[in-house]
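Student: Coordinates only, no sequence provided:
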């Protein structure tokens with residue numbers, strides 16, 4: 001069965017590639033969510049005034065990978081203890097957030113976060129777990145960006 005999940009964990013290029021390489025993930029789209037501006041552009045989001053996060057929307061086969069497994073992967077591919085920052089990228093658009101599409105996703109994401117916070121991160125996780133909002137698809141040149149760049153180099 002095909003389902004969707006939405007994660008924000010810094011620059012969307014890297015997390016998109018990591019999820020695309022995950023068995024059970026069928027497709028990804030990068031975009032913007034969680035903000036106040038309708039139909040934002042990359043430049044709008046980078047200005048820091050839209051309140052949007054760079055995010056990746058994942059289509060996945062729940063017979064092959066569960067939402068819980070995706071959440072665990074999400075926490076393993078970025079630093080969930082840095083507020084509004086991943087590596088050199090700084091700003092609210094680079095925040096760590098899980099945008100849940102239903103109550104089940106919310107309960108799962110919150111439980112995984114609480115468990116990891118207790119077991120591995122000493123209470124330092126700053127990741128937000130929230131209800132999904134409108135997802136605005138980013139410009140075409142951002143889609144599968146890392147794969148496009150690899151193909152240009154080859």
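Tutor: Everything's here; your move. Note that the structure is predicted; figures quoted are calculated from it, not measured. Numbers count the residues shown, from 1 in each chain.

Student: what number of residues lie near the closest residue to residue 32 other than its chain neighbours?
Tutor: Closest residue to residue 32 in three dimensions, ignoring its sequence neighbours and counting by Cβ to Cβ, 6 or more residues apart in numbering: residue 52, at 3.9 Å. The C-beta positions use only the backbone N, C-alpha and C, and glycine is treated the same way. For residue 52, the tally of surrounding residues (other Cβ atoms under 10 Å) stands at 26.

Student: With residue 40 as the reference, measure out to residue 52.
Tutor: For residue 52, the distance to residue 40 equals 6 Å [Cβ to Cβ, to the nearest Å].

Student: which element is residue 5 on?
Tutor: Residue 5 belongs to strand 2-9 when assigned by DSSP states H and E.

Student: Check what contacts that strand and list those residues.
Tutor: With Cβ atoms under 8 Å, 6 or more residues apart in numbering as the test, strand 2-9 has contacts from 15, 19, 26, 33-34, 53-62, 67, 70, 74, 77-78, 80, 86, 94-101, 105, 132, 135.

Student: Now for residue 44: which residues touch it?
Tutor: Taking Cβ under 8 Å, 6+ apart as the contact definition, residue 44 lies against 37, 50, 52.

Student: so the first one makes contact with residue 50?
Tutor: Yes. The pair residue 37 and residue 50 passes the contact test of Cβ atoms under 8 Å, sitting 3.9 Å apart.
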